[in-house]
Every structure is written in C-alpha cells, then in structure tokens.
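Model the structure of this input:
(one chain, ligands or ions: 1)
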Amino acid sequence: MADYPAIHGPSRPDWNCLVCGDPWPCLVRKRQLKELCQCNIRTLVRYMNEYLRDAHAEITGLSTADITERIVGWCGRPLEMWVVQEHSADSGDQDSRRRRYESNQKAGRYGRHG
Ligand SMILES: [Zn+2]
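Down below sits the predicted model:
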C-alpha cells in the first residue's frame, strides 16, 4: 500500500473522492474514465452503471434522478465545459492557443487513427 499512486475512487458510503474529497466521480476521475474509455460513451455508461446500483443504495439525501445524473449524467457531455472554468484573465494568447491546440489534438486523436 506504500508507493501506490492515489486512485480517485469513491469513499463509501458517503461517495466522496478518496483523494480530493469532491462528490464522486470528481473531475480528475471523470477525465481518467474518459481516457480509459477513449471517449466511448456507451462503454463509459456501462462502466458507471456498475456503480449506480450501490450509489442508489448508499447515497442519502439525493433523489434517484439526482444520483443517476451525478453518476452517469456527465458521461455524454464534453469535458471542455470544465476546461473553460480554469480560464484566467491575465494569461495571454499563448495559453489560449495551447488550450485550443490541446482540444484539437484530442478531437483528432481518435478520429484520424486508421
Ligand atoms: Zn478526486
């Protein structure tokens, strides 16, 4: 258990991230999962559905719809909506150009192959 990299898994039964303490799945975990599933939404939803049953059983204070939204609702949405939040005013052109480059690269990575 010593040198193992921290996994952004859910603490149970409160379903917060074990690493950052955010409501699980946290942003980091979402990014990891998107990469893991290569942005295949069906794979992602199937994966998250594994958690959904337990989440419904263990998370209290949220409606069924809210829990479903939290666990699988994000799967179909682009991650860019989070990148935008990191926007800072004084970073110049270079930063926004790099961000654009990164999102282009991401979009092209899976499409161009083969
Ligand atoms: Zn986390």
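
shaky segments in this structure?
Screening the chain residue by residue with the criterion pLDDT under 70, one finds the ranges 1-5, 80-114.

got the residues of it near the ion?
Within the chain, the positions adjacent to the ion are 8, 17, 19, 20, 26, 28 by CB under 5 Å from the ion. For the C-beta atoms, the positions are set from N, CA and C on the backbone; glycine is no exception.

Any of these buried? List them.
Among these, those that count as buried by neighbour count (16 or more other CB atoms under 10 Å) are 8, 17, 19, 26.

Report the two of the residues you listed separated the most.
Pairwise distances among those were taken by CB to CB; the largest, 7.6 Å, belongs to 19 and 26.

between the two, what contacts are shared?
When contacts are counted by CB atoms under 8 Å, 6 or more residues apart in numbering, residue 19 and residue 26 have residue 8 as shared neighbours.

now the strands: where do they sit in the protein?
Residue ranges of the strands in the chain, as given by DSSP state E, are 10-11, 16-17.

The first one packs against which elements?
So the one you mean is strand 10-11. Under the contact criterion of 3 or more CB pairs under 8 Å, 6 or more residues apart in numbering; DSSP states H and E, the helices and strands touching strand 10-11 comprise strand 16-17.
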